[in-house]
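Chemist: predicted model and sequence below, questions to follow.
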Amino acid sequence: MVSLSNEEWLSALRAADNQQALEDLRLRLGRALHYALSGRGPDGLLEGLEEDIAQEAVLKILASLDSFRGESQFMTWATKIAVRLAFTELRRKRWQDVSLEGLLKVEEDQDYTPAILADRTPTPEQQAEQTMMMETVQKMILESLSERQRQAVLAVLEGGAPMDEVARRLGTNRNALYKLLHDARLRLQKRLAAEGLSTQDLMALFSEM
Amino acid sequence: MMLNPETLKKMILILTNTHAGEISCDECFDEIDRFAEIELVGKSAAEAMPLVQDHLERCQDCREEYEALMAALKFIEQEKPAE
């Protein structure tokens, strides 16, 4: 395939008769997606995805041409847009049967007794101290976070769900969710500091568990 | 809501590395094409764009997409006619 410069791409796509350029772009993106998605899902999930997403990406790229700053090659920029669309769709398909409750996977009445290590048995006093510290930290986390932040934290950390899917179920987008979680983390940092607990001390405590 | 000990551990570790200057997913996406091209030519994108690197270490969704982008770009590079 012939390499076009950024200017050549932009010129061809903006021309009145841009059909050939659009088709060329669609084909290239289809190939790029084939490599991008290779091995990233069962065949059933990927079937037809490359062609559909390549087409969708062409439309999105056409609508976003003015935002291309020329800091990278046009095809790199275009490919990243196509890859983002593809993964958003792949995640949606993969998780479509899982509700928000399913993502949260909360275990009620969690027992905080630390796991007994094969080569070391904490004394009852050590065990009690660890349990108490865990409960203290747990309480701090619950008090510092909004309900929305708690749900987000659980779903992402404990449920292992993609941010895209957690965001969808919370009625928001991934970027906003990231910022929500970032704010939560900063709040927790401050709260721990205010209580005189360093994260290093806590890590040391947990590493004994 | 009760967090299990492993999740609590994960959270504490994440808190250790949290800082106010983190960039968001959109900001990372905005720069990822430039980041990828630096890596492709064998330079250290992590050094050139540390905030993007930092975000990729935290955000699984963005990291997954970046790895897929690199896979695609490497094959495209291989297919280019010799100049």
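Modeler: Perfect, thanks for sending it.

Chemist: list the buried ones in stretch B:28-41?
Modeler: Residues of stretch B:28-41 classed as buried by neighbour count (16 or more other C-beta atoms under 10 Å in any protein chain shown): B:28-40. Any C-beta I mention is one placed from the backbone N, CA and C, and that applies to glycine too.

Chemist: do the host helix or strand of A:D24 and chain B meet at all?
Modeler: Taking DSSP states H and E as the criterion, A:D24 maps to helix A:19-37. Yes. Part of helix A:19-37 sits near chain B under the criterion C-beta under 8 Å from any C-beta of the partner chain, namely A:28, A:31-33, A:35-37.

Chemist: rewinding a little: need the buried residues of stretch B:28-41 in JSON lines (columns: pLDDT).
Modeler: What follows is the buried residues of stretch B:28-41, written out as JSON lines (pLDDT from 0 to 100):
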{"residue": "B:C28", "pLDDT": "98"}
{"residue": "B:F29", "pLDDT": "98"}
{"residue": "B:D30", "pLDDT": "97"}
{"residue": "B:E31", "pLDDT": "98"}
{"residue": "B:I32", "pLDDT": "98"}
{"residue": "B:D33", "pLDDT": "98"}
{"residue": "B:R34", "pLDDT": "98"}
{"residue": "B:F35", "pLDDT": "98"}
{"residue": "B:A36", "pLDDT": "98"}
{"residue": "B:E37", "pLDDT": "97"}
{"residue": "B:I38", "pLDDT": "97"}
{"residue": "B:E39", "pLDDT": "96"}
{"residue": "B:L40", "pLDDT": "95"}
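
Chemist: coming back round to it: so for the helix holding A:D24, what gets flagged as buried?
Modeler: So for helix A:19-37, counting by 16+ other C-beta under 10 Å, buried means A:21-22, A:24-26, A:28-37.

Chemist: name the residues that touch it?
Modeler: A:1, A:9, A:12-13, A:15, A:46, A:49-51, A:53-55, A:57-58, A:61-62, A:75, A:78-79, A:82-83, A:86, A:90, B:68-69, B:71-76 (C-beta atoms under 8 Å, 6 or more residues apart in numbering or on different chains).

Chemist: out of these, which sit inside helices?
Modeler: In helices, defined here by DSSP state H, the members of the contacts of helix A:19-37 are A:9, A:12-13, A:46, A:49-51, A:53-55, A:57-58, A:61-62, A:75, A:78-79, A:82-83, A:86, A:90, B:68-69, B:71-76.
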